[in-house]
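Got a sequence here, can you model it:
(2 chains)
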Amino acid sequence: MSTLVTRPLDAALAASSEAVIAKKILVLGATSGIAEATCRIWAAEGAQLFLVARNAEKLAAVAADLKLRGASYVGTAVADLDDTEKHAELLTHAVNSLTGMDIAYLAHGILGDQARGEQEFEHAAQIIYTNFLAPVSLLTWLANYCVQRHAGTLAVLSSVAGERGRKSNYIYASSKAGLTAFLSGLRNRIDREGVTVMTIKPGPVNTSMTAHINIRKADVKKVAATIVKAIDKRVDTLYVPIIFLPIMFIVRHIPERIFKKLNL
Amino acid sequence: MPHPVTDPQPAKTAPPAFESWGRYPRYDATIVPLNWQGDFPGVMAGLHGGALPVGLGRSYGDVCLLKDGNLLQTTGMDRLLNFDPETGILTAEAGVSLAKILDFAVPRGFFLPVTPGTKYVTLGGAIANDIHGKNHEAAGSFGNHVPSFELVRSDGSRRVCSPTQNPDWYAATIGGVGLTGVITWAQLKLRPIVSRKIDYEGIQFHGIDEFLDLKRQYQHVEYTVSWVDCASTGRNFARGVFMLGEHSKAPGELKPSPEPKLSVPFDFPGFALNHTTVSLFNSVFFHKQMKAHVKTVQDYEPFFYPLDAVLHWNRGYGKRGLVQFQYAIPWQHAKEGTIEILREIAKSGLASFLAVLKAFGEIPSLGMMSFPQAGIMLALDFPIKPDLTFPLLQRLGDMTLEFGGRLYSAKDAAMTPAQFQAFYPQWQRFAQFRDPRLNSSFWERVTGGE
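Numbering: from 1, shown residues only, chains lettered A, B, ... in the order given. Now for the predicted structure:
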């Protein structure tokens, strides 16, 4: 049904913005709500995208859409990113398809089921594997790729949840806390090599991952627009929406003897 | 990524989470997003009770509501899938809005084949209500421009439907008010344009005879619609403005439209719209066009979507909301029916803000339950005054039936089962195509839950 053939009109539209060199962006977890919204902005700018996701039908729909929205190239690979042994092969294929890479955007992750994780170690381990260990594997390869070239941005979705464990989601939170710490160390190592490592910490965003959660959520389009701008500015750490910067400051500083009694 | 904070139950909040455009009736329902083409059967497996696919909630009554049920919100299914500039055929997921389709199509020199008076409807909703536009005589209704679509049922079956492939399902789903399954993607044949501009003409008329003369005189013009004053009697009875438009043939700008900025941020008090203010509005509208005949060139936005400039204009009717009344009466009784019904409305003194009068053409709709039929169509709003509005609507419905016409389900909140079943005698045949897990408050009301 969907085709990715470049048509003369698309080429003409892309050429009209030829003054700006199209960014080459690798997107991991491309069918996640935040990733798709971000990619729509990049597509409208004429970016070249390589998309990785687990579900082939969803990936095909997203890829077709981004192509029509103006992406000058859209490559895809179906992959389960928990399969860390295949990461090197996958990433090599992706950067070859893009003939380079300016930005790697890591957006895959699972919320998991806190209650289940409290009873079953296997489920807790799954959350930590997908949200922490798999990104560590990807970032190890990507960091070394960028260091060799002294260029590139690694933009990674962590979460405000990682700032402090709460009883309602501490397994997810600890996976993101680990990721945040890893990113800060990686930044400390490779920023001096000309590689930007960006930790993105969204608050609750209105996507399918959070559809069942009944709280105030940020609009995914606005969040995506903020992320795109922050990547352009090579920001180190981004709280989005920005209100979470002071909120998390307070959350981090509540004394533990009080915090442990709160219902959060 | 977000952190879960509160209960894991689906969102269910105190003012209804989803309102129809008329904001009447108002029912509680649980909103369940369908973000992907494959979601529907799996989502249904996890839900208790009935469900109804919905889009942007621009239909007026209860056709997009399901009391205490699940509303499957399709607006996340908004991806464009393919476009062939040779044929003008766009393939897109059903939750994409016509506004987004225009943003894509206009810069490429294409336009919607048929458009309603708002661009904030989804592709799926446009098919499910088989909507019509100002070019009905030239183009028929929306379904006439949908070569194919995919229909997914709650049992997991998926069918590509077209006039030749699964033709029964195709006909049942066009105008099928969302009850036959979920439309995941659809093709839409766009029409070429060379400019955003519309060559516009507005001509005053006095009475239905003058309206019919103008209709005959301008039969060749693509877009025609009239505004008619339903509040005035005597010398001003059925005065109006006949409006004509065609896409400019002079090549011009093809940039996308800017985002709308104005919105009605709160409910107007109930007294804001009464007979005096509406008569005043109607008078101003009529005399805004001081000359009997004006010719101008205007952008397509004010021509097709004058009310879209103010988001949530429906809040102007206050908390009680509004009901619409829209009929199509065949030519045989169109003139006398329209005059009688306009008299009844004027006599009632129930103010009506927007009354639209138009001729429907001969091109048959492809939907089993489609509303348009050749003849005269009238559409108008009523503010809700419980003791007055509903008895009037009963009378108007009966009069419509008497003149051989029918009412439009997408605009209805008041049809009785007897009226509906007389307007749409094919309803029992249609009922065989209903997905057993899908239902709407409209369908329950007019069929008794058949």
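
for A:I200, helix, strand, or coil?
Following DSSP: H, G, I helix; E, B strand; the rest coil, the label given to A:I200 is strand.

show me what contacts it?
Residues in contact with A:I200 (C-beta atoms under 8 Å, 6 or more residues apart in numbering or on different chains) are A:A155, A:V156, A:L157, A:S158, A:I227, A:A230, A:L238, A:V240. From N, CA and C alone the C-beta is placed, and that goes for glycine too.

what about residue 158, neighbour count?
Just so you know, I chose chain A. When neighbours are defined as other C-beta atoms under 10 Å in any protein chain shown, A:S158 has 30 of them.

nope, chain B please
15.

Repeat that for A:A22.
18.

that older thread, looking at the contacts of A:I200, which are in helices?
A:I227, A:A230 (DSSP state H).

Can you sort out which of the contacts of A:I200 also neighbour chain B?
Checked against chain B using C-beta under 8 Å from any C-beta of the partner chain, the contacts of A:I200 give the following subset in range: A:L157, A:S158.

Which strand or helix spans B:V225?
Using DSSP states H and E, B:V225 sits in strand B:223-228.

State the mean pLDDT of that strand.
Confidence for strand B:223-228, expressed as mean pLDDT, is 95.

what residues does the stretch 101-250 of chain A put near chain B?
Near chain B, when you scan the stretch 101-250 of chain A using C-beta under 8 Å from any C-beta, you find A:109, A:111, A:114, A:157-161, A:166, A:168-169, A:172-173, A:176, A:202-205, A:207-215, A:217.

what stretches of the chain score poorly on pLDDT?
Reading this off chain A. For chain A, the stretches with pLDDT under 70 are A:1-20.

Can you look at chain B instead?
Scanning chain B with the threshold set as pLDDT under 70 gives B:1-15, B:261-266, B:268-290, B:351, B:353-354, B:449-450.

re earlier: would you show me how to pick out the buried ones of the contacts of A:I200 in ChimeraX?
Listed next is the ChimeraX selection for buried residues among the contacts of A:I200, using 16 or more other C-beta atoms under 10 Å in any protein chain shown:
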select /A:155,156,157,158,227,230,238,240
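
Quick check: strands, which of the residues of the stretch 101-250 of chain A next to chain B are part of them?
Applying DSSP state E to these, the entries found in strands are A:L157, A:P202.

Name only those of the residues of the stretch 101-250 of chain A next to chain B that count as buried.
A:109, A:111, A:114, A:157-161, A:166, A:168-169, A:172-173, A:176, A:202-205, A:207-211, A:213-214, A:217.

Inside helices: which ones of these?
Per DSSP H, helices hold the following members of those: A:Q114, A:Y172, A:A173, A:K176.

can you list those in JSON lines and add distance to A:L90?
Shown next, in JSON lines, are these (distance: C-beta to C-beta, whole Å):
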{"residue": "A:Q114", "distance to A:L90": "30"}
{"residue": "A:Y172", "distance to A:L90": "25"}
{"residue": "A:A173", "distance to A:L90": "28"}
{"residue": "A:K176", "distance to A:L90": "23"}
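
what lines up beside the one helix or strand B:R159 maps to in the sheet?
Using DSSP H and E, B:R159 maps to strand B:158-161. Partner strands and pairing direction for strand B:158-161 (DSSP bridges) are strand B:149-152 (antiparallel).

Send me the partner strand as CSV with only the CA atoms.
Extracted C-alpha coordinates of strand B:149-152, given in CSV (Å, rounded to 0.1, in the frame of the first residue of the first chain):
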residue,chain,number,x,y,z
PHE,B,149,-11.0,2.0,2.3
GLU,B,150,-10.2,-0.7,4.8
LEU,B,151,-12.8,-1.8,7.3
VAL,B,152,-11.8,-3.6,10.5
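
Ignoring the adjacent residues along the chain, who's closest to the residue in the stretch 351-450 of chain B positioned nearest to chain A?
Nearest residue of the stretch 351-450 of chain B to chain A, counting by C-beta to the nearest C-beta: B:R437, 19.5 Å away. Leaving aside its chain neighbours, B:R437 sits nearest to B:S154 (4.0 Å; criterion: C-beta to C-beta, 6 or more residues apart in numbering or on different chains).

Reduced to three states, what does that neighbour come out as?
Relying on three-state DSSP, one would call B:S154 coil.

I'd assumed B:T180 was in contact with it.
No: applying C-beta atoms under 8 Å as the test, B:S154 and B:T180 come out as separate, 10.8 Å apart.

Have a look at the two and say which one is more surrounded.
B:T180 (29 against 18).

what helix or strand does the more buried one sit in?
Using DSSP H and E, B:T180 falls outside every helix and strand.

neighbours of B:A418, just the number please.
B:A418: 12 neighbours (other C-beta under 10 Å).

oh, I was asking about A:T92
A:T92 is flanked by 12 other residues according to other C-beta under 10 Å.

Help me confirm that it is found in a helix?
Yes: A:T92 sits within a helix when classified using three-state DSSP.
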